[in-house]
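K.L.:
below are the sequence and a predicted model; questions follow.
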Amino acid sequence: MHPRSLGILLCFCVVIAFFGCSSDHDSSLPGDEDSETQESQESSELAEILMKTYDLPQQSELETTGTAQDFSYLFETIPVDSRYTHLLNFWMTPMMPPWREALTTPGPLILFSDTFECLVVSALDYPFAARVRFEDGKILLGLSGEVVQVDGDEPQRFVIAEGKGIHATMLAWGEAMRSQTGKVVPDRYADPGLSTLGYWTDNGAYYYYATEEGMNEQETLLAVRDEANEQEIPYGYMQLDSWWYFKENMDSLSPGGLTRWEPRPEMFPEGLEIFQQKLGLPLMFHNRWLAETNDYLDEYEFLQGEGMLLPEGRDLYDHFMENVLHWGGFTYEQDWLVRQFESMPLVRQSLVAGPQWMEAMDVAASDAGLTMQLCMAAAPHVLDSVKRSSPSTVRTSIDYAANVCKACYWPQFHTVNMVAEALGLWPFKDNFQSSEERGEAEALISVLSAGMVGAGDAIGAAHRDILLKTCRTDGLLLKPDSPAVPIDPMFLDHNRPYTTLTWSKREDLGHRWGYLAAYHLSRNHPERDSLDELQENLQYDGKDMGNMFVWPDLVTDWSVDLKRDLGVEDAVVWYDWRAETAQVVENTAQWQPVEGLGDYVFAVICPIFENGLSLIGEPEKFVTLADRRFREITTTEDGFDIDLEGAPGETLRLRVFDTRTNALIPDTSVMISENGTAQVSIRR
């Protein structure tokens, strides 16, 4: 087979964060010695974007092998500069875990150098069929070896971004992808799930396929609500997972496909509409794949798969969305996306079948005014989302399990968050139990994702104090501006705790607050046991997790280089959130080490104002300077005037550090008024 390049090469620049962009670019291919890079570590001031566009091949030109790791057709082979010695791509498996060896996928493929010069490559169109691979110093662009139908009516486009910094270049790549499709990033408070603390019943939650003794599901969940009200835990919605509807082999340990998406009467004797009215909370509804024998066969059209069916067109999805509305729901969660991809040959063999499937769900949800969560998604589903409006969240972590193997979840979650963020989706870590040993760390990771926060504790077990660190007393989440992601040095060999970063940015003040969390995860930690190893093998089929992230044998380096790690060059106040201490730092900072496996350290990086004061914010919350708490901040010669918002009657404390005396000012308390606002003046 002879690769051909029929592409039109377009070159344009992408603005990231608050930086300007020059239009004076050459059109050199990625890896050329004269390609432009910038010096910013936290965010690339500009990145070079290449749009590669190819005519689709003729049917006769395909060399189908039936193997996904092969190419049925090559568009182009692109040489890459030898400085790109490191690789990261993502498995075509549920929640797309990262992998540091070459795979054949639709992307994103991430190549980077020892100094974090970075290339990101992916398909823009036909992501279920298009493929990218790095091999022998070259990027291969083509179609999957399983493709047998060239049924698209538009060219195939690939996006290549080159810049400085891994996270920064990922953002540039995502902006280029979204700019081509008009994708609008959902507001991070777009629906009740993104806005409020939730209660979840999926795998890992206490009431996943379980109830309280002597109670059915409705009674159990109403009891959860009653106890939450008594304990003043402000859940804003409830998620119902796969246990409530009709499936094949319902009495087995592994029930099969959907047969009827209706509540089982023994669980909800009065139906879901009455249950939701009694509950008094909006609901989020889970769904899975369609069984070959189901109650919809006479009314709707289906495509035949291997052990399952796929709805043809939107009609059945319209029916599902009508149910969601009727039952008091706000989000439709489509799970088992990878299983459907793997079990539907047409989705893998055609250019258009996969996008048509996703479009059918999307238009049904959008027309109903609902948002959608993608679950068990692989890269094709996530890449496809740039052409859809209803997906607002995506699961970027495998299923949670309490008290087991945090190295199985946390690094993978934060790495895949880079993809979700770039493409305009809010990541979801999965539920957690606040009562487990690392419940506080789970809550911290959840809220720093800027996505959903979902608890799943048993009645009588929830830790209110932990849950309220994520939200106001009315349940509204207090979030950063963007998901926490690994700092770039995490992608090179190190012996540091696993470190992530996100920000609250205030354009009106020209300042930002950083939230830097680091987790003690090491391969040879003395607390790692056989249960951890069993979980690793079960979740990843025996694959070495050291190929998913840099997993040090032991953590010995607890230092932070502010410029290298955070992109911070000026002096800042380093607020140790757990120790409640503050100090001015320049250049480097030092964590106080924690020894426990999965234990964490957490610092808020606070700017210093011209008056010599540093506003730390609300020390009882993980996100101390959230925009849904601090409406307006005005500096004075010796203090701050602050407008706040919150739940009426809510009392909060504010903390300020004085760099001139090198001491914390006594905390200021304030109560939110009946209209949900408060004003406070703080002076040194």
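P.N.:
Arrived safely.

K.L.:
list the buried residues for stretch 541-553?
P.N.:
By neighbour count with 16 or more other CB atoms under 10 Å, stretch 541-553 contains the buried residues 545, 548-552. The way it works is simple: take the backbone N, C-alpha and C, and place the C-beta from them, glycine included.

K.L.:
same deal with stretch 647-666?
P.N.:
Residues 650, 652, 654-659, 664-665 are the ones in stretch 647-666 that count as buried (16+ other CB under 10 Å).

K.L.:
what do you get for stretch 403-417?
P.N.:
Applying a neighbour-count criterion of 16+ other CB under 10 Å, the buried positions in stretch 403-417 are 404-417.

K.L.:
what's the answer for stretch 432-448, then?
P.N.:
Buried-residue list, stretch 432-448, by 16+ other CB under 10 Å: 432-436, 438-448.

K.L.:
report pLDDT for the residue nearest the centre of the chain.
P.N.:
For the chain, residue 427 is the residue whose C-alpha lies nearest the centre (CA atoms, centre = their mean; 2.1 Å). As predicted, residue 427 sits at a pLDDT of 98.

K.L.:
so the nearest residue to residue 62 once chain neighbours are set aside, which of the three states?
P.N.:
Distances taken as CB to CB, 6 or more residues apart in numbering put residue 72 closest to residue 62, at 4.7 Å, once the chain neighbours are dropped. Following DSSP: H, G, I helix; E, B strand; the rest coil, residue 72 is assigned to strand.

K.L.:
still on that earlier bit, the residue nearest to the centre of the chain - that's part of a helix, no?
P.N.:
No: counting by three-state DSSP, residue 427 is not part of a helix but strand.

K.L.:
and the gap between it and residue 524?
P.N.:
Distance, residue 427 to residue 524, by CB to CB, to the nearest Å: 29 Å.

K.L.:
what do you get for residue 488?
P.N.:
Distance of residue 488 to residue 524, given as CB to CB: 25 Å.

K.L.:
between these two, who's got more neighbours?
P.N.:
residue 488 (23 against 10; other CB atoms under 10 Å).

K.L.:
wait, that one sits on residue 116?
P.N.:
Yes: Residue 488 is within contact range of residue 116, at 5.0 Å (criterion: CB atoms under 8 Å).

K.L.:
could I get the full set of helices for the stretch 451-600 of the chain?
P.N.:
Ranges of helices in the stretch 451-600 of the chain, per DSSP state H, counting those that start in this stretch, are 464-467, 530-540.

K.L.:
deepest-packed of those, please.
P.N.:
Ranked by mean neighbour count under mean count of other CB atoms under 10 Å, those are led by helix 464-467, which reaches a mean of 17.

K.L.:
low-confidence ranges in the protein?
P.N.:
Scanning the chain for pLDDT under 70 picks out 1-45.

K.L.:
looking at this, residue 180 is in a strand?
P.N.:
No: per three-state DSSP, residue 180 lies outside any strand segment and is helix.

K.L.:
how many residues are close by it?
P.N.:
Neighbour tally, residue 180, other CB under 10 Å: 17.

K.L.:
for it, what are its contacts?
P.N.:
For residue 180, the contact set (CB atoms under 8 Å, 6 or more residues apart in numbering) comprises 51, 124, 157, 159, 386.

K.L.:
turn the buried residues of stretch 403-417 into a markdown table, columns for distance to residue 350 and secondary structure.
P.N.:
What follows is those, written out as a markdown table (distance: CB to CB, whole Å; DSSP: H, G, I helix; E, B strand; the rest coil):
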| residue | distance to residue 350 | secondary structure |
| --- | --- | --- |
| 404 | 40 | coil |
| 405 | 38 | coil |
| 406 | 40 | helix |
| 407 | 38 | helix |
| 408 | 35 | helix |
| 409 | 34 | coil |
| 410 | 37 | helix |
| 411 | 35 | helix |
| 412 | 30 | helix |
| 413 | 32 | helix |
| 414 | 34 | helix |
| 415 | 30 | helix |
| 416 | 26 | helix |
| 417 | 30 | helix |
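
K.L.:
which of these sits closest to residue 175?
P.N.:
residue 417 (16.2 Å; CB to CB).

K.L.:
where's that closest one relative to residue 161, distance?
P.N.:
With CB to CB as the criterion, residue 417 and residue 161 are 18 Å apart.

K.L.:
you'd agree residue 658 is up against residue 611?
P.N.:
No: in this structure residue 658 lies outside contact range of residue 611 using CB under 8 Å: 9.3 Å.

K.L.:
tell me, what's touching the two both at once?
P.N.:
Taking CB under 8 Å, 6+ apart as the criterion, residue 658 and residue 611 both touch residue 684.

K.L.:
which stretches of the stretch 451-600 of the chain form strands?
P.N.:
454-455, 485-486, 498-506, 511-519, 559-561, 572-576, 581-585, 588-590, 600-606 (DSSP state E, counting those that start in this stretch).

K.L.:
so which elements touch the third one?
P.N.:
Helices and strands touching strand 498-506, by 3 or more CB pairs under 8 Å, 6 or more residues apart in numbering; DSSP states H and E, are helix 410-423, strand 485-486, strand 511-519.

K.L.:
partner strands of that strand, with direction?
P.N.:
Strand 498-506 pairs in its sheet with strand 485-486 (antiparallel), strand 511-519 (antiparallel), by DSSP bridges.

K.L.:
now mean neighbour count and distance to residue 675 too, for those, in TSV please.
P.N.:
Shown next, in TSV, are the strands paired with strand 498-506 (neighbours: other CB atoms under 10 Å; distance: least, CB to CB, whole Å):
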stretch	mean neighbour count	distance to residue 675
strand 485-486	24	37
strand 511-519	23	27
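
K.L.:
mind checking which of the ones you listed is nearest residue 458?
P.N.:
Per CB to CB, nearest to residue 458 of these: strand 511-519, 25.2 Å.

K.L.:
run the angle between the closest one and strand 572-576 for me.
P.N.:
Put simply, strand 511-519 runs at 40 degrees to strand 572-576, going by axes from the mean of the first three to the mean of the last three CA atoms, to 10 degrees.
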